[in-house]
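# One predicted model, sequence on top.
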Amino acid sequence: KKKDTQESSSFDKELFKRSVLYNVKTLYRKTLEEATPQQIFQAVGYAIKDVVIDNWLTTHKEYDKQDPKTVYYLSMEFLMGRALGNNIINLQAYKPVKEAMDELGLDLNVIEDQEPDPALGNGGLGRLASCFLDSLSTLGYAAYGCGIRYRYGMFKQEIRDGYQIEVPDNWLVDGNPFELRRPEYAKEVKFGGYVNVRIDENGRSNFVQEGYQSVRAIPYDLPIVGYGNGIVNTLRIWDAEAIECFHLDSFDKGDYQKAVEQANLAKNIVEVLYPNDNHYAGKELRLKQQYFFISASVQEAIAKYMRKHDDIRKFYEKVTFQLNDTHPTVAVAELMRILMDEYYLTWEEAWNVTIKTCAYTNHTIMAEALEKWPIELFSRLLPRIYQIIEEINRRFIIKIQEMYPGNQEKIRKMAIIYDGQVKMAHLAIAAGFSVNGVARLHTEILKKQELRDFYEMMPEKFNNKTNGITQRRFLLHGNPLLADWVTAHVGSDWITDLPKISKLKIYADDEKCQQEFMNIKYQNKVRLAQYILEHNGIEVDPRSIFDVQVKRLHEYKRQLLNILHVMYLYNQLKDNPEMEFFPRTFIFGAKAAAGYYNAKMTIKLINSVADVVNNDPVINGRIKVVFIENYRVSNAELIFAAADVSEQISTASKEASGTGNMKFMLNGALTIGTMDGANVEIVEEVGAENAFIFGLSSDEVINFENNGGYDPTEIFNNDPDVRRVLMQLINGTFAPNDPDRFRTLYNSLLNTISTNKADMYFILKDFKAYAEAQRKVENAYRDEKRWARSAILNVACSGKFTSDRTIQEYVDELWHLDKVVLPKKV
Ligand code: 26W
């Protein structure tokens, strides 16, 4: 009955083995026995790349022939995670490769573990971009991801004495076997100087930038392998190099100075990813990064188009630029610039192309994430781009006035340039054909609240695209036991057609299936327990409930609510050691932005609670708290597979979508969460009886925010359980040597000096409802059959949340790409 998850393929195992041995020899002058694990990884990586390269060539030959419309997914972040395992999976070659490794006496898991995680992103937005690329290739659409080849990605997190320490992530030290340097496509990107009008040889007056500094952008291409279809798209990330302008004869002081400055500019630009998630810092270097990769990407997209077409006015028929949040929004002005200054289109012609080419995705409503650049900085760094944005703004304001004559308020709220600032979201909305949110609730909030004025003026632009995730990485690769089990029951169609997984529903009540499912979950918990023992030195019981919250650390995500609840449980058990209590392991994983004090103190609090609770003989192991160091894509795969409970407890209205919630669901964890982001749609699919929903609704939150009426001190005064937990933040229970350590967290909840800022995220307001939902979790888990049934139903109902569905919606409604099919190999 059992059918294998991985279909057999034409993969030549013997050739592959020889290729690995050959690579070890030619790269390192070593035999397999002498090579280090890292060297073996490199050799295997190059051998896989050899296979991928052929498909990559074929794909692009076919693109050349068929000339399909192409999407450029423009993003400051791509959180790709390791490539080796994923490429092998998508080549449908996992089995033969594993056999080949076995025959060479190598362990594929160990080899995969040698690869550093390419962590060129912060969290949700960057990982979404990577899932989208996987789906685009798998569905057979022509696409480029365009981004930055940061020398240092997301910092490596070390926990010392319970505190987060940021360590540089030098991910390229050993080289990246999958990347291809493409100097032949280098582009020049100009900064600073001033704009001049020049009459050219044809008598045309022309805007030119003079007195600028420039850098050379060099693309590195990474293959994006489609699942089982031979399609390979490209993630193109740009490196910066100095443009040498040393002329020995004109070696005067000015030139020397300029040369050194240009060299520094190049070195700095791609040095490091800004580790801020949902927080705008307004750093000049960040704007340089944005224009750098956008200018290079737009130049190349146009050059590529012009190699095959002659009318630039029809650019939009073959190209879409999807802007991943506002970070790449200078693309609209850069496109206008090239069309007008280099192709001599009129403003109207250029605008017609731009507005049909660009589309914007909004990923957050957090006010502090909005990008607003000071005019002074913007115009100094990008003088010509600023001029163009001024003109876009001037014309946009005329439009506003036409629609709302005499209404100054509208202009104040909607102008692109106002109050000395360039507002990137307003530019993106005005200059594109689409504005989309990333979950149904989020899009509704955009339309009714955050972007209401824009929605009223241009309702046709607004649409929703609920996020998704790739099941290839987060089930097939991350959870092979469950993947095989699913395939054994419903066949392997789910790998490229996730809704087919709903066929599992008929097994939800089958006791044998329930047992098999729980057994697989148990084995995955053993695997994670092993990881935790190795990395944290903490022993956890795989029979306990694995209750997991992994995501960026942010106040709105409310890790603080979670740990306060752990403290509350601890108090209960201390008071009443004999009470019924099902053992629970609370697992956290999160990076905090380096300058985010409350977030960092929350990490310290979690670790401090862990120290006390894990070692209290009265608790006797019934509660364990684990903070997993350096949460990232590679250990995420282990964590999702092992989770029983998925914590999705953001303040309603704040989490645009969430995508971790979907990864947990796919792996059969039950959600405890608020009606926020995509949780709403998850519950809609699986049924409220198979999740634990609690807390304020987004309407209630927004109502409190707009009209006041919430006072956390009231709860503090009237609820002894809450009061006790809060007092423990300032009485040294978890910081005996420094009782004031968590005072700031305490103040964030109660500070009465500025009442409207006290407990902004409604932690106390939701506390009791959360505790109640957690009691329901415990009771539900005691009934193993009922739990297994719910867990299987979560897997079975996860079909909607594949990024394949999301991408198909983008294609059908916004991008209108042509499907590419490769000719059959003979
Ligand atoms: C300018 C600083 C900055 C940096 C990153 C502002 C905003 C961001 C991102 C847009 C934040 C982000 O990652 N948002 C997340 O996007 C995911 C994918 O759509 C959603 O699932 C998350 O809910 C949302 O927080």
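Structure received.

# drop to CA atoms for contacts and neighbour counts, all remaining ones
Fine.

# which secondary structure elements does the longest strand seen in the chain contact?
Using DSSP state E to define each element, the chain has its longest strand at strand 213-225. Contacts defined by 3 or more Cα pairs under 8 Å, 6 or more residues apart in numbering; DSSP states H and E place strand 213-225 against helix 37-66, helix 84-90, helix 124-139, strand 180-181, strand 187-191, strand 232-242, helix 253-269, helix 284-308.

# Let me know whether residue 89 touches residue 477 as I believe.
Yes - between residue 89 and residue 477 there is a contact at 7.0 Å, judged by Cα atoms under 8 Å.

# Reduced to three states, what does whatever residue of the stretch 551-700 of the chain ends up closest to the ligand come out as?
Nearest to the ligand in the stretch 551-700 of the chain, going by Cα to the nearest ligand atom, is residue 658, at a distance of 3.4 Å. Counting by DSSP: H, G, I helix; E, B strand; the rest coil, the backbone at residue 658 sits in coil.

# between residue 89 and residue 477, who's got more neighbours?
residue 89 (22 against 19; other Cα atoms under 10 Å).

# ok now do the more buried one, which residues does it touch?
Residues near residue 89 by Cα atoms under 8 Å, 6 or more residues apart in numbering: 227, 472, 476-477.

# now swap in residue 111 and tell me
37-38, 40-41.

# can you redo the residues you listed as TSV with pLDDT, distance to residue 79 and neighbour count?
Listed next are these as TSV, based on pLDDT from 0 to 100; distance: Cα to Cα, whole Å; neighbours: other Cα atoms under 10 Å:
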residue	pLDDT	distance to residue 79	neighbour count
37	97	24	18
38	98	22	16
40	98	24	24
41	98	21	23
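
# Which positions in stretch 256-267 come out as buried?
Across stretch 256-267, burial judged by 16 or more other Cα atoms under 10 Å covers 256, 258-259, 262-263, 265-267.

# Let me fix that, I meant to ask about stretch 569-589.
569-571, 573, 581, 583-589.

# picking that back up, out of the contacts of residue 89, which is nearest to residue 64?
Nearest to residue 64 among these: residue 227, at 21.3 Å, using Cα to Cα.

# is it true that that closest one touches residue 138?
Yes - the pair residue 227 and residue 138 passes the contact test of Cα under 8 Å, sitting 5.0 Å apart.

# picking up where we left off before, turn the buried residues of stretch 569-589 into TSV, including secondary structure.
Below are those laid out as TSV (three-state DSSP):
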residue	secondary structure
569	helix
570	helix
571	helix
573	helix
581	coil
583	coil
584	strand
585	strand
586	strand
587	strand
588	strand
589	strand
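
# Could you export the residues you listed as CSV, including pLDDT?
Converted to CSV, the buried residues of stretch 569-589 look like this (pLDDT from 0 to 100):
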residue, pLDDT
569, 98
570, 98
571, 98
573, 98
581, 98
583, 98
584, 98
585, 98
586, 98
587, 98
588, 98
589, 98
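
# Could you tell me the angle between the worst-scoring helix or strand of the chain on mean pLDDT and strand 213-225?
Least confident element among the helices and strands of the chain, by mean pLDDT, DSSP states H and E: helix 253-269 (a mean of 85). With axes from the mean of the first three to the mean of the last three Cα atoms, to 10 degrees as the basis, helix 253-269 and strand 213-225 are set at 30 degrees to each other.

# which ones are touching the nearest residue to residue 388 once chain neighbours are set aside?
Distances taken as Cα to Cα, 6 or more residues apart in numbering place residue 333 nearest to residue 388, at 6.2 Å, with adjacent residues excluded. Neighbouring residues of residue 333 by Cα under 8 Å, 6+ apart: 385, 388-389.

# now residue 198
Residue 198 neighbours (Cα under 8 Å, 6+ apart): 205-208.

# now do residue 213
Contacts of residue 213 (Cα under 8 Å, 6+ apart): 190-193, 258, 262.

# what's the closest of those residues to the ligand?
The closest of the contacts of residue 213, once distances to the ligand are taken by Cα to the nearest ligand atom, is residue 191, at 20.7 Å.

# what's the pLDDT at that closest one?
We have a pLDDT of 97 for residue 191.

# Equivalent analysis for residue 9, please.
Per the predicted model, pLDDT is 59 at residue 9.

# cool, and residue 203?
Note on residue 203: pLDDT of 88.

# Low-confidence stretches in the stretch 1-150 of the chain?
Low-confidence segments of the stretch 1-150 of the chain, defined by pLDDT under 70, are located at 1-9.

# So residue 454: helix, strand or coil?
Criterion first, three-state DSSP; result for residue 454: helix.

# so it sits right up against residue 414, yeah?
Yes - with contact taken as Cα under 8 Å, residue 454 and residue 414 are classed as touching, separated by 7.4 Å.

# between the longest strand of the chain and strand 232-242, how many degrees?
Using the same axes, to 10 degrees: strand 213-225 against strand 232-242 is 160 degrees.

# what lines up beside strand 213-225 in the sheet?
strand 180-181 (antiparallel), strand 187-191 (antiparallel), strand 232-242 (antiparallel) (DSSP bridges).

# For the ligand, find the nearest of those.
strand 232-242 (18.2 Å).

# average pLDDT for stretch 156-165?
98.

# which residues touch the residue of the stretch 551-700 of the chain closest to the ligand?
If a contact means Cα under 8 Å, 6+ apart, then residue 658 has 124, 467, 677-679 as its contacts.

# need these in TSV with neighbour count and secondary structure, can you?
Compiled in TSV, the contacts of residue 658 are given as follows (neighbours: other Cα atoms under 10 Å; DSSP: H, G, I helix; E, B strand; the rest coil):
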residue	neighbour count	secondary structure
124	21	helix
467	27	coil
677	29	coil
678	26	coil
679	27	helix
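
# So which of the residues you listed is the closest to residue 274?
Distances from residue 274 to the contacts of residue 658, taken by Cα to Cα, are shortest for residue 124, at 14.6 Å.

# got a list of what the closest one touches?
Residue 124 makes contact with 658-659, according to Cα under 8 Å, 6+ apart.

# again, but for residue 219
181-183, 185-186, 236-239.

# Narrow these to those that are buried.
Buried, going by 16+ other Cα under 10 Å: 181, 186, 236-239, out of the contacts of residue 219.

# Make TSV out of those and add pLDDT and distance to residue 448.
Formatted as TSV, those follow (pLDDT from 0 to 100; distance: Cα to Cα, whole Å):
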residue	pLDDT	distance to residue 448
181	98	46
186	98	44
236	98	37
237	98	37
238	98	38
239	98	41
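
# Quick one: name the residues of the protein near the ligand.
By Cα under 6 Å from any ligand atom, the residues of the chain that approach the ligand are 123-125, 128, 276-280, 325, 363-364, 369, 371, 438, 655-659.

# so who does the residue of the stretch 451-600 of the chain found nearest the ligand touch?
At 6.3 Å from the ligand, residue 467 is the closest residue in the stretch 451-600 of the chain, using Cα to the nearest ligand atom. Neighbouring residues of residue 467 by Cα under 8 Å, 6+ apart: 128, 438-439, 657-659, 678, 801, 803, 806.

# again, only this time at 10 Å
Applying Cα atoms under 10 Å, 6 or more residues apart in numbering to residue 467 gives the contacts 128, 131-132, 437-440, 656-659, 662, 677-678, 800-807.

# Domain map for this structure?
Using automatic domain parsing, the domains assigned to the chain come out as 67-82+117-467+809-815, 471-695+763-799.
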